[in-house]
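K.L.:
just need the structure, nothing else, for what follows:
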Amino acid sequence: MRSTFQFGRFNYPLQGAGRRPRVMGILNVTPDSFSDGGNYQALEFALGHAEAMIEEGVDIIDIGGESTRPGSPPVSLEDELQRVMPVVYALRDIGPAISVDTYKPQVMREAIIAGVDMINDINGFREPGAIDAVRDSDCALCIMHMQSDPQHMQLAPSYGDVVAEVIAFLRERIDALLGAGIDPRRLCIDPGFGFGKTVEHNYALLKATGRLIDETGMPLLAGLSRKSMIGAVTGKPVERRAAGSVGGALAAVAQGAIIVRVHDVADTVDALRVWQAAQ
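P.N.:
Model prediction:
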């Protein structure tokens, strides 16, 4: 494992005393995301939520303008830009790192021009033009695994060996980015919990967090907040999955995850502080 993670304007230690897990807060500026769709679509509400997350200790704010919940339809480039870019411009200079959750190359380009610190791509930079869009920047790049697409991914997800197949996919995408001349210090991986996986697949991947890191050589982002894998174990609806989500985040961090992507920032920050104090 390398020693640092280049995260745009920031540099995160991956070894030694300076290493600590980072909390990425979710800011969906969409009308239809599975947990908080419509809550922060208006700019003033989005900024209010971002300010609340900053007060709660968030390290990274991940802005998404297109819902990727199971069955969700794609949105146009124009709609996504209109949702995302005003929030990026309003937040880029107020403290935490800024990530944009997109698979569209033109959104990537506009976000990079605006100075974001990460591009978080559910499609693993497979869209034509995606690698070219990010190649010459210094922002971090999160490569996620997804089987199929959001409209169809949960219809009948199937694997022979989910851990081995996800690792193989991630290694192929890492090689594609490295082959384009991208600095490996900019890369991290996301196994894609809930993106074309059953509950059993998700927990197999969570248990294999350390293996995913070791076999790709990359830091790992875990995004399981409030997802169906939490509800399947707790029996709780989406709005009551905070405690289970914190438990999942701690399980990932205990196995080496460097970033946890969450809805419940304050609870996660507190839990990680206690966990770190006990190490």
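
K.L.:
now residue 22. Nearest residue, chain neighbours left out?
P.N.:
With Cβ to Cβ, 6 or more residues apart in numbering as the criterion, residue 22 has its nearest non-adjacent residue at 4.0 Å, and that residue is residue 59. No exception for glycine: its C-beta is placed from N, CA and C like everyone else's.

K.L.:
could you list the low-pLDDT ranges of the stretch 101-250 of the chain?
P.N.:
Scanning the stretch 101-250 of the chain for pLDDT under 70 picks out 148-153.

K.L.:
need the helices for it, in chain order.
P.N.:
Using DSSP state H, counting those that start in this stretch, the helices of the stretch 101-250 of the chain run over 105-113, 130-134, 162-179, 199-207, 209-216, 228-234, 242-254.

K.L.:
dump the second one to CSV, restricted to CA.
P.N.:
Spelled out, that is helix 130-134. C-alpha atoms of helix 130-134 as CSV (Å, rounded to 0.1, in the frame of the first residue of the first chain):
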residue,chain,number,x,y,z
ALA,A,130,-14.4,9.8,-19.0
ILE,A,131,-10.7,9.0,-18.7
ASP,A,132,-9.8,11.9,-21.0
ALA,A,133,-12.0,14.2,-18.9
VAL,A,134,-10.0,13.5,-15.7
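
K.L.:
and the contacts of it?
P.N.:
Helix 130-134 has contacts (Cβ atoms under 8 Å, 6 or more residues apart in numbering) with 103, 105-106, 108-109, 112, 119, 121, 123, 125, 141, 176-177, 180, 182.

K.L.:
filter those residues to the buried ones?
P.N.:
Neighbour counting over the contacts of helix 130-134 (16 or more other Cβ atoms under 10 Å) leaves 103, 105, 108-109, 112, 119, 121, 123, 125, 141, 176-177, 182 as the buried ones.

K.L.:
look up how far residue 169 lies from residue 147.
P.N.:
In this structure, residue 147 and residue 169 are 9 Å apart, going by Cβ to Cβ, to the nearest Å.

K.L.:
returning to that earlier point: since we're on the residue nearest to residue 22, how many residues are nearby?
P.N.:
22 (other Cβ atoms under 10 Å).

K.L.:
same deal with residue 129?
P.N.:
For residue 129, the neighbour count with other Cβ under 10 Å is 13.

K.L.:
for the nearest residue to it once chain neighbours are set aside, what are its contacts?
P.N.:
Of all residues beyond its chain neighbours, the one nearest residue 129 is residue 105 (3.9 Å), with distances taken as Cβ to Cβ, 6+ apart. With contacts defined as Cβ under 8 Å, 6+ apart, the neighbours of residue 105 are 127-130, 132-133.

K.L.:
do that again at 10 Å, thanks
P.N.:
Residue 105 makes contact with 77, 119, 121, 125, 127-134 under the criterion Cβ atoms under 10 Å, 6 or more residues apart in numbering.
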